[in-house]
Each structure stands twice: as C-alpha cells, then as structure tokens.
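Trainee: Structure, please.
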Amino acid sequence: MYTPVYLAVTVDLMDLLLGLLLLSGTIALIALAVLMFRTAQTLKETSSLIKENRPALKSTVDQLPELLDKVDDIVEDVSYITQQAGESVPAIIEDVETITGASADLVDTVSTATVGIVDSLSSFFSRKGKHKSSKNTVQQIFAAVNAAKKVVTIIQDKSEKSKRKKSKKNKKTLF
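Mentor: Residues are numbered from 1 along each chain as shown. Model prediction:
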C-alpha cells in the first residue's frame with residue numbers, strides 16, 4: 001500500500017523577520033559604501049582643483065578688500081544720486097508744467113492772431129467780403145507778444161533760480 005508523505009516546511013516568524021532584517025542591513029551597508037566611495041572621489045577632485053587654482057584663488061581673495069571698498073564708494077554715490085534726484089525731479093516737473101502751460105497759451109494766442117491777420121488780409125484784398133476791424137487784429141498781435149514775453153520771463157526766472165541754488169550748495173551736485 002502506498003502512503004502519501006506530506007512534506008511540510010515550517011519557518012518560525014522570528015527567523016523570517018531576522019532574515020529580512022539581515023537582507024535590508026546588507027543593502028543599506030552596500031548603499032553606504034557606494035555613497036562613501038563617491039564622496040571620496042568628489043573630495044579628491046575638489047582637492048586637486050584647489051591645488052591647481054591656488055594662485056588664482058589667492059590673488060582673488062587678496063583683491064576682495066579693495067573691491068569691497070570700491071563697492072562701498074559706489075553704493076554711497078548711488079545713495080547720494082538718488083537723494084538729489086528725489087529733491088530735483090519734483091522741481092523740474094513743476095518747471096516743465098509751468099513752461100508747457102505758458103507755451104500752450106502762447107500757441108493759442110499766436111494761432112488766434114494769425115487767423116485774425118489772415119481774415120483781415122483776405123477781407124482787405126477781397127472787396128466782396130465783410131470788412132473786419134483792424135483794431136481786433138492789432139489787439140490779437142499785442143496779446144501774442146505779451147504771451148511770448150511771459151514765456152521768456154518764466155524761462156529766465158527758472159534759470160536765475162537754478163543759478164542761485166547752485167551757488168548756495170557747498171557739497172558736490174550731480175544734477
């Protein structure tokens with residue numbers, strides 16, 4: 001008679017966990033060894049690079065204090081320029097607004113006077129048209145001259161003010 005034999009393999013849970021722990025520890029040690037090997041190679045290359053470039057590095061490091069002094073001077077000058085620009089720009093904008101307003105008045109007056117002169121000349125030379133009073137044209141010419149005088153006076157006043165400002169300042173000015 002034939003009796004079947006059952007082969008049963010039993011593994012203790014502790015033995016299984018211990019085997020997995022040994023396997024993961026071995027993998028971790030191999031990864032650590034690879035990491036250390038690569039780190040050693042990087043340090044070796046860095047060391048050789050520093051040895052090759054030591055004179056250039058030394059000259060660069062020696063120049064750093066002088067360079068920092070120059071940078072400090074530049075920062076100081078930039079700060080001064082910014083401060084002066086902050087003081088000068090609003091006054092310049094105000095002057096430009098005044099001059100453009102006066103110029104607009106002058107252009108308006110001159111254009112009105114020109115239209116008046118053209119109308120007077122056309123009515124003078126054409127007998128068919130209505131005759132306009134020359135008094136109105138003369139008034140427009142005087143208004144244009146007065147507007148031009150105002151613009152010139154404003155420009156002269158601004159240049160005199162700027163000359164006085166420059167003579168009063170004792171420190172260096174960049175604007």
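Trainee: which one is L106 nearest to, not counting chain neighbours?
Mentor: A147 (4.2 Å; CB to CB, 6 or more residues apart in numbering). In short, each C-beta sits where N, CA and C put it, glycine included.
Trainee: My guess is that neighbour contacts T109. True?
Mentor: Yes: A147 lies in contact with T109 (CB atoms under 8 Å); the separation is 4.4 Å.
Trainee: State the mean pLDDT of the strand or helix carrying T98.
Mentor: Assigned by DSSP states H and E, T98 belongs to helix 54-125. In this model, helix 54-125 has an average pLDDT of 83.
Trainee: Could you list every helix and strand in contact with it?
Mentor: When contacts are defined as 3 or more CB pairs under 8 Å, 6 or more residues apart in numbering; DSSP states H and E, helix 54-125 packs onto helix 134-168.
Trainee: Report the mean per-residue pLDDT for the helix it packs on.
Mentor: 68.
Trainee: Can you report how many residues neighbour D108?
Mentor: When counting by other CB atoms under 10 Å, one arrives at 13 neighbours for D108.
Trainee: what do you get for I99?
Mentor: 14.
Trainee: Look up how far T112 lies from F37.
Mentor: F37 is 93 Å from T112, where distance means CB to CB, to the nearest Å.
Trainee: And these two? Which one has more around it.
Mentor: Each of F37 and T112 has its neighbours counted (other CB under 10 Å); T112 has more, 13 against 10.
Trainee: now the more buried one: how far from A143?
Mentor: Remark: distance between T112 and A143 (CB to CB) = 8 Å.
Trainee: now swap in A104 and tell me
Mentor: 14 Å.
Trainee: higher neighbour count, these two?
Mentor: Per other CB under 10 Å, whichever of A104 and A143 has more neighbours is A143, with 18 against 11.
Trainee: Counting neighbours, what do you get for the closest residue to the more buried one other than its chain neighbours?
Mentor: Once flanking residues are discounted, A143 sits nearest to T109: 4.9 Å by CB to CB, 6+ apart. Number of residues near T109 (other CB under 10 Å) recorded here: 20.
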